[in-house]
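Asks: coords please:
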Amino acid sequence: MDSSTPASPSPSASPDDSFLGAGPLAGLGPDLDARTPHRHARADHNEHDDSEHPHGGAQGPAGFVRPARTEDLKAIGRVQAATMLASLQTGHAAEHGSALPEGVRAMIAAPVIAAGWEAAVAEPPSPRHHVLVATTAGDSTEERAVVGLLGLAPTQSVDADGQVDEAGVRAVEVTALGVEPASQRRGHGSRLLAAAVDLARQDDARALVAWAVRGDESVSRLLASVGMAPTGAHRVLGVGEGITEDCWAASL
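Replies: This next block holds a predicted model:
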């Protein structure tokens, strides 16, 4: 499960491929008619808060979400490499009925991805840029392994010419979202998105936006489960024979 691409390994990247005649927020006017994310208990994150926040049911926390640290970079690279590769393979097979070219597979290297996140983790471009990690629920910090990540960056709607619409919706974009395959279906993705919604609201955003590889049902199911919906915008990545990503959004 992953909503990022090889061309966008860090939250400083922005989508610039072909849209369906409009920007990703084109369907979100001043009244924001998109669905609203389901409410979760607040994670109470801010840029000064480096603590872990439990998210779980009555039996105790099933995992934690916290801001990423530089010591997490190796794990971040490993998680995103695995989830990105799985997502792109699924999307390419669904769209073209063929495997992802070996050359593309070889480019998705964990050390390279980890290096791409270093600046975003150590020195975020702004207080509204965030990198979060999901960890297992060990008894101590040392026992809590990083199994997921989420990148969050400010964005804004664009017009049909690709120019920023100053009167458009103030939004935040999920620039990366992934949970390692062995740890999926345990709530880590939902906890990451719940924390992202909290941060977006703290940053006064009015919409949450994410891109998902078409055909990767694990991502689309997750986004739908938290109340997001397709906007109708898409972009085509120059990966293999081409991989389509659909834009999802929700009002906050």
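Asks: low-scoring stretches of the stretch 1-150 of the chain, by residue?
Replies: Of all residues in the stretch 1-150 of the chain, those with pLDDT under 70 make up the ranges 1-61, 138-143.
Asks: helices of that one, start to end?
Replies: 73-96, 102-107, 110-122 (DSSP state H, counting those that start in this stretch).
Asks: what's the most buried one of the ones you listed?
Replies: With neighbours taken as mean count of other CB atoms under 10 Å, the helices of the stretch 1-150 of the chain reach their highest mean count in helix 73-96, at a mean of 21. (C-beta placed from N, C-alpha, C; glycine too.)
Asks: what is it packed up against?
Replies: helix 110-122, strand 130-135, strand 146-156, strand 170-179, strand 207-213, helix 217-225, strand 243-251 (3 or more CB pairs under 8 Å, 6 or more residues apart in numbering; DSSP states H and E).
Asks: and the pLDDT at residue 189?
Replies: Per-residue pLDDT puts residue 189 at 89.
Asks: is it correct that it falls within a helix?
Replies: Yes. Under DSSP: H, G, I helix; E, B strand; the rest coil, residue 189 sits within a helix.
Asks: who's in contact with the nearest residue to residue 204 once chain neighbours are set aside?
Replies: Using CB to CB, 6 or more residues apart in numbering and skipping the chain neighbours, the partner closest in space to residue 204 is residue 170 (6.8 Å). Applying CB atoms under 8 Å, 6 or more residues apart in numbering to residue 170 gives the contacts 154, 156, 204, 205, 206, 207.
Asks: the fourth one - how many residues pack around it?
Replies: So the one you mean is residue 205. Neighbour count of residue 205, defined by other CB atoms under 10 Å: 23.
Asks: phi, psi of it?
Replies: phi -80, psi 150 (degrees, to the nearest 10).
Asks: how much space separates it from residue 217?
Replies: From residue 205 across to residue 217, the span is 27 Å (CB to CB, to the nearest Å).
Asks: list the beta-bridge partners for residue 153.
Replies: Beta bridges link residue 153 to residue 173 when assigned by DSSP bridges.
Asks: wait, it sits on residue 173?
Replies: Yes. Proximity of residue 153 to residue 173 meets the contact threshold set by CB atoms under 8 Å, at 5.5 Å.
Asks: just want to know which of the two has more residues nearby.
Replies: residue 173 (28 against 24).
Asks: so who does the more buried one touch?
Replies: Residue 173 makes contact with 14, 24, 152, 153, 154, 155, 208, 209, 210, 211, according to CB under 8 Å, 6+ apart.
Asks: rerun at 7 Å
Replies: 153, 155, 209, 210 (CB atoms under 7 Å, 6 or more residues apart in numbering).
Asks: so what's the last one scoring on pLDDT?
Replies: Residue 210 carries a pLDDT value of 92.
Asks: what residues does the nearest residue to it once chain neighbours are set aside make contact with?
Replies: Spatial nearest neighbour of residue 210, excluding adjacent residues (CB to CB, 6+ apart): residue 174 at 3.9 Å. Applying CB under 7 Å, 6+ apart to residue 174 gives the contacts 3, 150, 151, 152, 196, 208, 209, 210.
Asks: that'll do, ta.
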